[in-house]
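> quick one, structure for this:
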Amino acid sequence: MLNVNIYVEGQRLELFEDENISLVDSIQNSRDPATAFTGFTRQFSVPASKANNYIFRHYYNADITNGFDGRVYTSASIELNGIPFKTGNIKLDEVKLRDNKAYSYTLTFYDYLVNLNQIIGNTKLANLSYLENLNHDYNITNVKNGFNSGLTVSGGSAFVRTTGVANVIYPFISHTKQYAYDSGGTPSMYDFDVFTATGIKTALQYTQLSPAIRFAEILEAIEQQFDITFSSDGFLTSVDFEGMYLWLHKDKGGVVGADELTTFIPMESFTLSSGTEVTSGGKYIYQPNFFGDEIISSDANITLAYTITVTAVGSYSYDITIKNGYTNNTLFQQSNNVSNATFTAIIPKATGDAVVYPQLAIECSSNITNFAVTLVATRNLIPGSSSEQGTYTASSSTVSYISILANMPDITVLDFLKGMFTMFNLTIVYNSAADEYEINPLDDFYGAGSEIDITPYVDVTESDILPSSPYNKISFKFEEAKTFLMERRYALLGERYGDDSYDLTGIFNGEEYEIKVPFEKILFERMTDLDDASITNNLWAWCVDSSEDAIATKPIVFFCDPDVKITSADVDWDTSPATSSTSYLLCSNTITNVDDIALGFKNEIGEYSLVTQDSSLFEKYWENYISGIYNSTSRILRISVYLPLKILLTYKLNDVIVYNGRKYFINEMEVDLTTGKGDIELITKWI
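Below is the predicted model:
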C-alpha cells in the first residue's frame, strides 16, 4: 500500500482508511484526436472530520459567510509516500449527510492544466489590456511603413521595423474597395470602381487597410494578464509561429474609431521641466513604500494633475481619460470639456495600484489642432507634509488613433488558443518545477520521452487488443469563408480552401470526426496588368462578399515573414504629393520556411508562387499521428499493471512504454494511487 497525502491550499486532508483514489491520465486519445486532455481523479470521498470541516469551512452550512467556494477549483497537491506527485486543483462536488449531519466531502482532483481554463474563463482577446501597448497613430505614414516593412510599436510610438520582429503590420487587404493595376495608367494602382468628380482615378487610400498583430504578441498579453508563462522546446521561436498574424477586422468596413480625432500622451512623451524625477525609466511611478524601504503613512498616494491648454479655431469640445497603462485601470474620465482645465487623479496607496503607468487620451472635435499639457506628478509620502513632486510638459497635435482592442475580432482567449493548438497539433503540459505551461507539437512532445519497460509489472492473466482506427473519415476545417474570392473558388472547385480530410470511407465502417479551427482564411491574388494582361507581382486580398459589399468575418489569420518582401511591385498611394511602394510585405497563406508550407491542411497552389506548396499543416504537424493510428499494424493494447512507486513518481505521458519487447505510447491510463494497480491503454508507437 502507498501512503497518499492530499493537500488543499497547503492543508493536509484526512482520508478514509479504505478509500481508493484513482488517477486518469491522457494527453491525446486516439478516439478524440483534437482534444488535449488533463489528468484527473475519479471522485473520491474524505470524512467530514474536524480538520476537513475546517479546510472546507463547514460547506454544508449555508449560513457561513466568506466560507469555502465550492463553485471554483482550489489549489491542491498529492504526495505518494511523502514525495511530491501531482500539483493541481481540487473541486468540491458534494457533501453527503447522514442523520442530518455532515458525513463526507466528495472531491475530484484535476491536473494543473485545468487551472489554465479556470483563470482564463470567458475572457476575450478584446479584454487583454497589455495589447494597448500596440495602440498607435492611424495615418498614412504609419500605415505605409507597416505595409512596406512592418512596425515596431510600443507605448503609443510606432517605428519602422528594421531588425527583429514586426509586432504590427498592414497587409494589402482592402476592406471595401476593389483595386486594379494598369501599368499604362496614372495612377497605375487605383480604386477600380470609384472615380472622382473630374474623372481622375483614386490610388490606394490608407484608410482601406487595417492592421494585423502577431500571434506571439497575443500570447505575451495572455501571460501578462493572467501571470502565467508559456515555454517550448523551439516551437514558439520557430518561423512557423513567429510569422503568424491575426487581422484586426471586427466589423464590416474599416478601422473602428478611425474617423475620430484622438491624442494619446503616455508618460514617456513627457519631459521633466522642474522638481524631482518621480518615474522609473520615464514610464512608471511606484507607490510609496512599494519596495518596503520607506516609513510612511498608510494613506500615502500618487497624485496626477494634468493641465490642458487647447489651440483651436472657434468653439470646441474634448473628452479626457486618464488610465494606468500598467493595469488598464481607468483613473479619471470627463467629457464635453469646452475650455482649458486641470484634471486630477488620485491613486491611494491603500486601495490603488502599486505601479502606475500614466496615460492620457483626449478625444476631440476637428477644430482643435493642438494640445499643450503640463503634468504635476506627486508621490505623497505623508499627505500634506512630505512628498516628491515633478513637473512635466508635453504637446501633441490631434490625430486619428487606432485602438487595438476596439478592433479585435470577437473571439475568446480559450478559443484562440484552441485554434492555435489545432492548426499545429500542439500539446500543453504544466511543468510544476518551472511553473510554466510547455507548448510543443505532438511529434516533438513524444520524441522527447524516455523508455519505460513495464513488462515485469503486467498482470498477464487477461488483456485486450483492439483496432486503433475508430473513424472512417477525419475532416480538417477552417471556418467557412464567405469572402468574394473564396466563394468564387468554391463555386468552381466545390471545395473549401485550406480544408482537407483523411478519408477511409469504404474501408472502415464508422463515423466522421471533425477537427475545426475557429479562424477564417482569406484568399490573396496576384493582380493582372490591364495594360498587357500579364501577371504582376502585386499581391492583394479583397474582404467583401459575393455581392461585393463589405463583410464581417470570423478571425482571419495569415502568414508574413517581415524579412520576405514582394519586389518589383508598383503600389500608388493616394497622397499629395503622390507616393508609391515598389516593395512591400508578402502576406499570404504560405509559410515561407525551408519549404513552402500551406497555412492550411491541404497543399494548395501558392497565391504568390503560383506553384503547389511543398507541404501543409497536415503533413508537417498531423500526418505522423493520424497515419500512425490508422496504420494496419497499429493496435490498442489494454493491460492491467501493478506499478511501483519509482514509475508512478517519474512517468510522463510522452514516455515510450515497452512491453514484451514492443513499443507503445500511452493512450489512456487509470491507476489507483493507494495500491499502484492500474489499467493502461497503450497504442502502437508511430514515430
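> domain assignment for the chain?
Using automatic domain parsing, the domain ranges for the chain come out as 4-119, 125-256+409-423+519-614, 261-400.
> what about the longest one, how long is it end to end?
When you say that, I think you mean domain 125-256+409-423+519-614. Separation of the first and last residues of domain 125-256+409-423+519-614 by C-alpha to C-alpha, to the nearest Å is 33 Å.
> what about that domain, average pLDDT?
In this model, domain 125-256+409-423+519-614 has an average pLDDT of 92.
> per-residue pLDDT, the residue of the chain most remote from its centre?
Relative to the mean C-alpha coordinate of the chain, counting by C-alpha atoms, centre = their mean, the farthest residue is residue 99 (50.6 Å). On pLDDT, residue 99 comes in at 93.
> which residues of the stretch 301-450 of the chain fall in strands?
When secondary structure is read from DSSP state E, counting those that start in this stretch, the stretch 301-450 of the chain shows strands at 301-312, 318-324, 329-337, 341-348, 355-356, 358-364, 368-380, 387-397, 399-402, 426-431, 436-441.
> next, count neighbours for residue 101.
One way to gauge burial is a neighbour count; for residue 101, by other C-beta atoms under 10 Å, it gives 8. Using the backbone N, CA and C atoms, a C-beta is placed for each residue, glycine as well.
> oh, that last question was meant for residue 107, not what I typed.
Residues contacting residue 107 under the criterion other C-beta under 10 Å number 23.
> and it, what element?
Residue 107 belongs to strand 101-111 when elements are defined using DSSP states H and E.
> buried stuff in that strand?
If you call a residue buried by 16 or more other C-beta atoms under 10 Å, then strand 101-111 has these buried ones: 102, 104-105, 107-111.
> which strands or helices does that strand pack on?
Using 3 or more C-beta pairs under 8 Å, 6 or more residues apart in numbering; DSSP states H and E as the contact definition, the elements that strand 101-111 packs against are strand 40-41, strand 44-47, strand 83-98.
> just to revisit the earlier point, of the domains of the chain, flag the one that's most buried.
domain 125-256+409-423+519-614 (a mean of 19; mean count of other C-beta atoms under 10 Å).
> roughly how far out does that one sit from the chain middle?
Distance of domain 125-256+409-423+519-614 from the chain centroid (C-alpha atoms, centre = their mean, to the nearest Å) equals 18 Å.
> show me the strands in the stretch 551-687 of the chain, by range?
With DSSP E, counting those that start in this stretch applied, the stretch 551-687 of the chain shows strands at 557-566, 571-573, 579-581, 584-588, 590-592, 596-598, 615-616, 635-642, 656-659, 662-672, 677-684, listed in chain order.
> in its sheet, what does the last one sit against?
The reference is to strand 677-684. Strands that pair with strand 677-684, judged by DSSP bridges, come out as strand 635-642 (antiparallel), strand 662-672 (antiparallel).
> for residue 176, which of the ones you listed is the nearest?
Of all the strands paired with strand 677-684, it is strand 662-672 that lies closest to residue 176, at 50.5 Å by C-beta to C-beta.
> and that closest one, what's buried?
With the criterion 16+ other C-beta under 10 Å, strand 662-672 contains buried residues 664-672.
> and residue 455, its phi and psi?
Taking degrees, to the nearest 10, you get phi -50, psi -40 for the backbone angles of residue 455.
> my read is that it contacts residue 662, right?
No. Under the contact definition of C-beta atoms under 8 Å, residue 455 does not touch residue 662, with a separation of 9.7 Å.
> the strands paired with strand 677-684: which one's closest to residue 42?
Using C-beta to C-beta as the measure, strand 662-672 is the one of the strands paired with strand 677-684 that comes nearest residue 42, at 7.7 Å.
> now the closest one, how far from the chain's geometric center?
How far strand 662-672 lies from its chain's middle: 31 Å, per C-alpha atoms, centre = their mean.
> quick check: the gap between the closest residue in space to residue 323 that isn't next to it in sequence and residue 326.
Across the structure, with C-beta to C-beta, 6 or more residues apart in numbering as the measure, the residue nearest residue 323 apart from its sequence neighbours is residue 359 (4.7 Å). In this view, residue 359 and residue 326 are 9 Å apart by C-beta to C-beta, to the nearest Å.
> and if you look at residue 464?
Distance from residue 464 to residue 326, counting by C-beta to C-beta: 57 Å.
> return the distance of the closest residue to residue 553 other than its chain neighbours relative to residue 561.
Counting by C-beta to C-beta, 6+ apart, the nearest residue to residue 553 once its immediate chain neighbours are dropped is residue 520, at 5.2 Å. When distances are taken as C-beta to C-beta, residue 520 and residue 561 turn out to be 21 Å apart.
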